[in-house]
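Trainee: Below are the sequence and a predicted model; questions follow.
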Amino acid sequence: EAGRDFLPVVGDGRRIVCTVGRFEASSSGYIDHLHVRMLADTGATLGLVDSAVLTRLGKTYYPLHPYEGRLSSSSGHALLIEGWTHLPIQLGSLELTLEVLVAGKLHIDAILGVDALGAFGALIDVANRSMLLQRPGETLPLGVEAIENTYLTTMAASVRLPPFGQALVVTNLIGEIHDGSAMLIEAVMNLPPALGVTRTLGIAKDKEVVMEICNASTEKYWVEKGTTIAAVSVVPDSAFNFEKKFP
């Protein structure tokens, strides 16, 4: 509701993007009384529903409002957004009618972004792999097991970045990993404020990963060889399997 203050979805400023620890942050719920699997994702601003859910609801030709924006998946590919509508979504005993985008291809029935999670007053407990719904006072379990291994990377060579400059750099992986593994690249904690790392997907080859870094300051910036620059998480093949179902 307008003017309602919501507590942070995850305590201590931690961010949940699809997984809680080694578990996919999914929960069962209902959309218009249809049982579905929904993913909690505080990296998503808007709620998403797979168009197949509308088909299962018998609303294949349900009129949708046009959506002019652009949304990307975690791999950076544009999502096919067919439009937006309002749907009744139920978590626990609480049902709310929310504005959602209808997407052509999702690997799960629905994704609950910060708007939907905030409306339910959801608090995610990482340690207990659960989600507390403050409004009805109910706790829901989260998760199907997901494999996730994280590695650190260091600069393979020193690089000088000009003011507001960017560069593609080669980094060395610390640890053993299979060649060709898909990896989610993110900056490590406590990097200097001037130094940024583009959050994207990459491929490991010969224990090296190429990534983009940038200098956010007005001064030139040296990044020395051996500097720990990013954390990379192995993305399981199952995360891409949904694309194989479509021609």
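Mentor: Noted; the coordinates are in hand.

Trainee: When you work out contacts or count neighbours from here on, use the C-alpha atoms and nothing else.
Mentor: Will do.

Trainee: What residues are bridge-paired with residue 85?
Mentor: residue 100 (DSSP bridges).

Trainee: close enough to count as contact, it and residue 64?
Mentor: Yes. Using Cα atoms under 8 Å, residue 85 makes contact with residue 64 at a distance of 5.6 Å.

Trainee: of the two, who's got more company?
Mentor: It is residue 85, of residue 85 and residue 64, that has more neighbours when counted by other Cα atoms under 10 Å, with 17 against 13.

Trainee: List the contacts of residue 154.
Mentor: 171-174, 225-230 (Cα atoms under 8 Å, 6 or more residues apart in numbering).

Trainee: Out of the residues you listed, show me where the pLDDT dips lowest.
Mentor: Ranked by pLDDT, the contacts of residue 154 bottom out at residue 174, which has 84.

Trainee: OK, contacts around that one?
Mentor: Neighbouring residues of residue 174 by Cα under 8 Å, 6+ apart: 151-154, 207.

Trainee: Give me the subset of the residues you listed that lies in strands.
Mentor: With DSSP state E as the criterion, strands contain 151-154 from among the contacts of residue 174.

Trainee: Neighbour-wise, give me the winner out of the residues you listed.
Mentor: Neighbour counts for the ones in strands among the contacts of residue 174, by other Cα under 10 Å, peak at residue 153, which reaches 24 neighbours.

Trainee: Tell me what that residue is bridged to.
Mentor: Beta bridges link residue 153 to residue 173, residue 230, judged by DSSP bridges.

Trainee: State the distance from it to residue 27.
Mentor: 33 Å (Cα to Cα, to the nearest Å).

Trainee: can you check residue 206 too?
Mentor: Taking Cα to Cα, one finds residue 206 at 38 Å from residue 27.
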